[in-house]
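Visitor: this is the structure alone, sequence omitted:
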């Protein structure tokens, strides 16, 4: 979300020792495992302990035949590491361009990471705000970068329709609701988008807003029509199915533990096999691959939280009389949307902590009740966390080197449209030599300085959260 702070088969005994060594090596390479911020481990330290069973998305996922783990040797023109949106869009983009000699390797399941855990909002823009983007890149470059995401929103619509992906798309826009009385921030953003990005957001007066969102918490709002929301995990599963039908070889439960040169090609070693490839794409987001130190060290894996209520039936209409998704104007904002079975999905907060399902439920229920006190007794059926990847410059890191290794990561919790754009750019670069990806050259692999970066990110979030609180109290 926006402005907030991815040879021969190895015998099993040998593979076990290699994985054990790798875990020890990671412990040295990534000192954030000893982060001195409270007794909990930082978010990425517990990545592999996250249980997909607690997610509403996993409980309602489209059934599919699991993709077999890699066994033995494989050869490909392109190997992609990561079965989230960035990797899947790249694989599908390559297949659509006639490059079907592609292998995609996923350590867990398709959509295991942030791609299958997020709020499901599909809208334009980046984690970096529009004003900052304009200040840094000027009118022409800023608009070109922004346009990549508006085009991606439309591409996602086409993908859902073309491949008949059953992901419950609701194409009724997104509401940005003002938490504060002062309308200036909304007016300024509306004008900025219109004048510099050619985007029109509709003003919603307080009376109109309260007809749609039945809460006295908000004052007025902006409506972004070119936006939708969907079931993110089912969308990921649908992308994988579409790529597989066009020849992409997908392997789940395949942990790539080494990437090295073998002559003029790349060799990716896994527990029970290996892939030889001409080019490699690393698209692991906040779930670090441990294959290229420079790429991993450029991001901070940060946790965010989501929960889903019990079915509300007619009670849902007492809170929401719109099918649009909603988020508010604070830095530390809430975001939520109605689900097809009359549940309410609610998310918010970011942290270096990867909290338990119970803790997430407790925190977010309090946030929910501040906006909709009528739901004070509501039951929460699902609660979970997920890891987003953030860069210090708050923009995606999309690029590649002359050696044939590409990367796409750091989508900062604002990933559905930007990951689609990233996959299209990388596919075009690999298949056709297209150099439009160089638009992101100014947002490179800047070190995130873990573990100090975790302290800085958490401190910044708490500072902004405190400013939100103070402004709310000041307004009464």
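Guide: On my side now, so go ahead. Just so you know, these numbers come straight off a predicted model, no measurement behind them.

Visitor: quick one, domains of this protein?
Guide: 12-118+233-301+392-455, 121-231+309-341 (automatic domain parsing).

Visitor: comparing the ones you listed, which comes out most buried?
Guide: The highest mean neighbour count among the domains of the chain, using mean count of other CB atoms under 10 Å, belongs to domain 12-118+233-301+392-455: a mean of 20. C-beta coordinates here come from the backbone N, C-alpha and C atoms, glycine included.

Visitor: mean confidence score for it?
Guide: Average pLDDT, domain 12-118+233-301+392-455: 83.

Visitor: check the offset of it from the chain's centre.
Guide: 12 Å (CA atoms, centre = their mean, to the nearest Å).

Visitor: which stretches in the stretch 301-450 of the chain count as strands?
Guide: 325-328, 334-338, 344-351, 380-390, 397-400, 405-409 (DSSP state E, counting those that start in this stretch).

Visitor: of all the ones you listed, which lies closest to residue 257?
Guide: strand 405-409 (16.3 Å; CB to CB).

Visitor: setting the sequence-adjacent residues aside, check what's closest to residue 277.
Guide: Leaving aside its chain neighbours, residue 277 sits nearest to residue 79 (3.7 Å; criterion: CB to CB, 6 or more residues apart in numbering).

Visitor: follow-up on the earlier one: now the domains of the chain in JSON lines, with distance to residue 463?
Guide: Output for those, formatted as JSON lines (distance: least, CB to CB, whole Å):
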{"stretch": "domain 12-118+233-301+392-455", "distance to residue 463": "12"}
{"stretch": "domain 121-231+309-341", "distance to residue 463": "9"}
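
Visitor: what's the closest of those to residue 359?
Guide: Closest to residue 359 of those is domain 12-118+233-301+392-455 (CB to CB; 9.7 Å).

Visitor: can you tell me the centre-most residue of this structure?
Guide: Nearest residue to the geometric centre of the chain (CA atoms, centre = their mean): residue 415, 4.1 Å.

Visitor: what's the spacing between that residue and residue 344?
Guide: Separation of residue 415 from residue 344 (CB to CB, to the nearest Å): 22 Å.

Visitor: what does residue 440 give?
Guide: 36 Å.

Visitor: what ranges do the helices span in the stretch 201-350 of the chain?
Guide: 206-212, 232-245, 293-296, 315-319 (DSSP state H, counting those that start in this stretch).

Visitor: which strands and helices sit next to the second one?
Guide: Taking 3 or more CB pairs under 8 Å, 6 or more residues apart in numbering; DSSP states H and E as the contact definition, the neighbouring helices and strands of helix 232-245 are helix 56-59, helix 85-96, strand 102-105, helix 130-162, strand 249-251.

Visitor: list the contacts of that helix.
Guide: Residues outside helix 232-245 that contact it (CB atoms under 8 Å, 6 or more residues apart in numbering): 55, 57-58, 60-62, 64, 67, 83-85, 88-89, 91-92, 95, 102, 104, 110-111, 115-120, 156, 159-160, 163, 165-168, 250, 416.

Visitor: off-centre distance for it?
Guide: Here the centre of helix 232-245 is set off from its chain's centre by 16 Å, with CA atoms, centre = their mean.

Visitor: now do it and helix 130-162, the angle between them.
Guide: Inter-element angle recorded for helix 232-245 and helix 130-162: 60 degrees (by axes from the mean of the first three to the mean of the last three CA atoms, to 10 degrees).

Visitor: who are the contact partners of residue 146?
Guide: 124-126, 130, 133, 197, 199.

Visitor: distance to residue 293 added to the helices and strands packed on helix 232-245, as a markdown table?
Guide: Converted to a markdown table, the helices and strands packed on helix 232-245 look like this (distance: least, CB to CB, whole Å):
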| stretch | distance to residue 293 |
| --- | --- |
| helix 56-59 | 31 |
| helix 85-96 | 19 |
| strand 102-105 | 19 |
| helix 130-162 | 27 |
| strand 249-251 | 24 |
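
Visitor: helices along the stretch 351-476 of the chain, start to end?
Guide: Using DSSP H, counting those that start in this stretch, helices in the stretch 351-476 of the chain cover 357-371, 416-432, 452-475.

Visitor: of all those, which one is nearest residue 183?
Guide: Closest to residue 183 of the helices of the stretch 351-476 of the chain is helix 452-475 (CB to CB; 12.1 Å).

Visitor: check the gap between the closest residue to residue 61 other than its chain neighbours and residue 171 for me.
Guide: Spatial nearest neighbour of residue 61, excluding adjacent residues (CB to CB, 6+ apart): residue 233 at 5.3 Å. Going from residue 233 to residue 171 by CB to CB gives 19 Å.

Visitor: and residue 280, by the same measure?
Guide: 36 Å.

Visitor: equivalent analysis for residue 302, please.
Guide: Using CB to CB, residue 302 is found at 29 Å from residue 171.

Visitor: now the helices of the stretch 201-350 of the chain as TSV including distance to residue 261?
Guide: Formatted as TSV, the helices of the stretch 201-350 of the chain follow (distance: least, CB to CB, whole Å):
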stretch	distance to residue 261
helix 206-212	57
helix 232-245	27
helix 293-296	16
helix 315-319	56
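
Visitor: closest one to residue 446 among these?
Guide: helix 293-296 (10.4 Å).

Visitor: contacting residues around that closest one?
Guide: 29-30, 282, 288-290, 397, 407, 409, 445.

Visitor: what's the most distant pair in the residues you listed?
Guide: 29 and 397 (18.7 Å).

Visitor: hang on, the earlier thing: what would the helices of the stretch 351-476 of the chain look like in JSON lines with distance to residue 243?
Guide: Output for the helices of the stretch 351-476 of the chain, formatted as JSON lines (distance: least, CB to CB, whole Å):
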{"stretch": "helix 357-371", "distance to residue 243": "32"}
{"stretch": "helix 416-432", "distance to residue 243": "10"}
{"stretch": "helix 452-475", "distance to residue 243": "34"}
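
Visitor: export the strands of the stretch 301-450 of the chain as TSV, with columns for distance to residue 183.
Guide: Listed next are the strands of the stretch 301-450 of the chain as TSV, based on distance: least, CB to CB, whole Å:
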stretch	distance to residue 183
strand 325-328	14
strand 334-338	19
strand 344-351	23
strand 380-390	30
strand 397-400	35
strand 405-409	36
